[in-house]
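Peer 1: below are the sequence and a predicted model; questions follow.
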Amino acid sequence: MFEEPFRYVEAIANRREYIENELAAGSPVVAMSLAEGILFFTLSRDRQKLFEIHDRIGLGAVGHPGDIERLRMLAIELAGAEGFTRSDADVSLRRLANYSLSPALKAAFEQIYGAPFLARLLFAELGREPAADAFLRLDYDGAIRSNGNPALPSRPGFGAVSGSVASEARMERLLAARHRPDLGRDDALRLARDAWMTGTIPPREGDAADENLPTETIRARQDEALREAVFEAALLERAAPTPAQAWRMLGTEELRGVLAAEPTKAP
């Protein structure tokens, strides 16, 4: 009888280790505020990773394609139901995550005889100005990390999701050092590319907190990635004629022309 709690804790720990191993190779996703809206960016090999959820809410994800699709459809259905029963203006990222998606992920993770969701999700909600943009990361166990707390002295204007917590932290350090809300789109794309590269390079042995990867390392990783993958980027446009038209995928040729240049250097 006294062994049962220990068995449950051990099962949860094993479950977490399994999921982390499954997610480790995932292609990171970056989102950031800029004057004209919110930019989503990633590299993909064989499937779409960036999605519109509802009007001014977008999603980028790392994980199993089937689980990402299930969660994407759940988010769309929840947003649609909220918009129908209340109004489109009442659909908010906070309500979707806190009251629906997070509990569903937590329940699936803790039911040790059922299959968990193999996914990490990055949501962004477009505000009227960059300071009002919301970024929220939702993990496979229902844990939420967001910049949406109004009590914070400053709200980071970016978000990142990756295959591991360590690589996410490295990406966020780079973004914190170099992101500005007044970035133009081309500069934002180059910064997003550098953050993506940073999230895919394993830390050097004995230096897990390496924050300033040399430019040549990023360039070498970029050249390798470009041989196997394609850029994928989307923009939630602040000046869209209607909220329903805010989401726009950026063209591949346009992206390649901007991103073929050398990685940006830290100021």
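Peer 2: Sure thing, it's come through.
Peer 1: just want to check the distance between Glu237 and Asp55.
Peer 2: As judged by Cβ to Cβ, to the nearest Å, Glu237 and Asp55 stand 12 Å apart. The C-beta positions use only the backbone N, C-alpha and C, and glycine is treated the same way.
Peer 1: common neighbours of those two, please.
Peer 2: With contacts taken as Cβ atoms under 8 Å, 6 or more residues apart in numbering, the residues that reach both Glu237 and Asp55 are Ala246.
Peer 1: who's more crowded, the two?
Peer 2: Asp55 (21 against 16; other Cβ atoms under 10 Å).
Peer 1: list the contacts of the nearest residue to Ala240 once chain neighbours are set aside.
Peer 2: Distance criterion Cβ to Cβ, 6 or more residues apart in numbering; nearest residue to Ala240, sequence neighbours excluded, is Ala246 at 4.1 Å. Going by Cβ under 8 Å, 6+ apart, Ala246 touches 37, 55-56, 126, 236-238, 240.
Peer 1: what's the answer for Tyr18, then?
Peer 2: Contacts of Tyr18 (Cβ under 8 Å, 6+ apart): none.
Peer 1: same deal with Asp55?
Peer 2: Shown in contact with Asp55 (Cβ under 8 Å, 6+ apart): 88, 91, 243-244, 246.
Peer 1: got it, and Ala108?
Peer 2: Shown in contact with Ala108 (Cβ under 8 Å, 6+ apart): 114-117.
Peer 1: from Gly83, how far out is it?
Peer 2: 25 Å.
Peer 1: what of Gly37?
Peer 2: 21 Å.
Peer 1: more neighbours, those two?
Peer 2: Gly37 (26 against 15).
Peer 1: quick revisit: nearest to Ala195, of the contacts of Asp55?
Peer 2: Using Cβ to Cβ, Ala246 comes nearest to Ala195 of the contacts of Asp55, at 22.8 Å.
Peer 1: coming back round to it: need phi/psi at the residue nearest to Ala240.
Peer 2: Phi and psi for Ala246, reported as degrees, to the nearest 10, are phi -70, psi -30.
Peer 1: what comes up buried for the helix or strand hosting Ile38?
Peer 2: Counting by DSSP states H and E, the element that carries Ile38 is strand 37-44. For strand 37-44, a neighbour-count test (16 or more other Cβ atoms under 10 Å) marks 37-43 as buried.
Peer 1: hang on, Ala124 is in a helix, isn't it?
Peer 2: No - looking at Ala124 with DSSP: H, G, I helix; E, B strand; the rest coil, it is strand, so not inside a helix.
Peer 1: list the contacts of it.
Peer 2: Counting by Cβ under 8 Å, 6+ apart, Ala124 makes contact with 31, 38, 40, 57-58, 93, 133-136, 159, 236.
Peer 1: least confident secondary structure element in this structure?
Peer 2: helix 215-228 (a mean of 66; mean pLDDT, DSSP states H and E).
Peer 1: after that one, which helix or strand is next?
Peer 2: Immediately after helix 215-228, counting by DSSP H and E, sits strand 230-237.
Peer 1: so after that next one, what's the next helix or strand?
Peer 2: strand 247-249.
Peer 1: which residues touch that next one?
Peer 2: Counting by Cβ under 8 Å, 6+ apart, 50, 52, 58, 232-237, 240 sit against strand 247-249.
Peer 1: done for today, thanks.
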